[in-house]
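Asks: what's the 3D shape of this:
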Amino acid sequence: MKRLLPSLLAAIAFLVPTLAAAQMTDAEIEALREQGEKEGWTFSVGRTPATERPPEQLAGFVVPDDPTWIGEAPKTRLSVPAKDTLPSSFDWRTEVAGGLPPVRNQGACGSCWAFATVGTLECAIKLKDGINVDLSEQWLLG
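Replies: Sure thing, here's the model as predicted:
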């Protein structure tokens, strides 16, 4: 037990500041709520798994070494309906019987593309066939 105690104390000393730095404070969340009310945001602000992680883990976008090809991609012109013809709100969760598959927490996996791909496919299957499927992001990675 005496040998375990220093290791345990060292782990706690490391984890407490790390976890505290990763979390949004109640004051920060309340400030966002107030900003949302003032600016008329149509979503609610609260604690989520993302508020428990530092920005470095959430912002994983990497710019390509040579991004010039992005500007060379062919452009598509789409007609956009007039604003007054659009509904004031639209939510697939209420439009689809039984709702859509849940949002997943990828944690520190680093494979956001797999989660985005599988989530999109699961929703497409639900919209087309009316069935909920639970596909594996890990299968794409393996």
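
Asks: spatially nearest residue to Gln23, not counting backbone neighbours?
Replies: Nearest residue to Gln23, sequence neighbours excluded (C-beta to C-beta, 6 or more residues apart in numbering): Glu52, at 5.5 Å. Every residue, glycine included, has its C-beta placed from N, CA and C.

Asks: counting neighbours, what do you get for the one you found?
Replies: Glu52 has 13 neighbouring residues, counting by other C-beta atoms under 10 Å.

Asks: the one 5 residues further on too?
Replies: Here the number of neighbours of Gln57 (other C-beta under 10 Å) works out to 13.

Asks: hmm, it is touching Ala108, no?
Replies: Yes - at 5.7 Å, Gln57 counts as touching Ala108 under the criterion of C-beta atoms under 8 Å.

Asks: tell me which residues are up against stretch 76-86.
Replies: Outside stretch 76-86, no residue is within contact range by C-beta atoms under 8 Å, 6 or more residues apart in numbering.

Asks: helix or strand right after the strand or helix carrying Lys38?
Replies: For Lys38, the host element (DSSP states H and E) is helix 26-39. The helix or strand immediately downstream of helix 26-39 is helix 55-58, counting by DSSP H and E.

Asks: give me the distance from that following helix to the chain's centre.
Replies: In terms of C-alpha atoms, centre = their mean, to the nearest Å, the centre of helix 55-58 is found 11 Å from the chain centre.

Asks: counting by contacts, list what that helix packs against.
Replies: In this structure, helix 55-58 packs against no helix or strand, with contacts taken as 3 or more C-beta pairs under 8 Å, 6 or more residues apart in numbering; DSSP states H and E.
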